[in-house]
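Participant: below are the sequence and a predicted model for it; my questions follow.
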Amino acid sequence: WIDPTLRALFRAAGAELVGGKTPPKVVITEFVDIARAFHPEGREPKFVNAVLDHMAREARPEAF
């Protein structure tokens, strides 16, 4: 299972990547920072970074 906090982060970031005007790298950085705030000692921020990078490259490949 995925932690409910991370699931919410992925949903919010996905909406921002698909419908927002913010550059994907900025979206990724912001949501990784949020993940780090909730999980300062864990590996979750790296997981969020990897998943969001994949999502961003799928949603907006022209930005990379």
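Facilitator: In hand now; what should we look at?
Participant: does residue 2 count as helix, strand or coil?
Facilitator: Residue 2 falls in the coil class when you classify it by DSSP: H, G, I helix; E, B strand; the rest coil.
Participant: kindly report the same for residue 40.
Facilitator: Using three-state DSSP, the structure places residue 40 in coil.
Participant: and for it, the neighbour number?
Facilitator: Using other Cβ atoms under 10 Å, residue 40 has 9 other residues around it. Using the backbone N, CA and C atoms, a C-beta is placed for each residue, glycine as well.
Participant: same thing with residue 14?
Facilitator: With other Cβ under 10 Å as criterion, residue 14 counts 18.
Participant: give me the nearest residue to it, chain neighbours excluded.
Facilitator: Once flanking residues are discounted, residue 14 sits nearest to residue 55: 5.9 Å by Cβ to Cβ, 6 or more residues apart in numbering.
Participant: by contact count, what packs against the helix or strand where the one you found lies?
Facilitator: Element membership for residue 55, per DSSP states H and E: helix 44-59. Helix 44-59 sits against helix 4-19, helix 24-38, with contacts defined as 3 or more Cβ pairs under 8 Å, 6 or more residues apart in numbering; DSSP states H and E.
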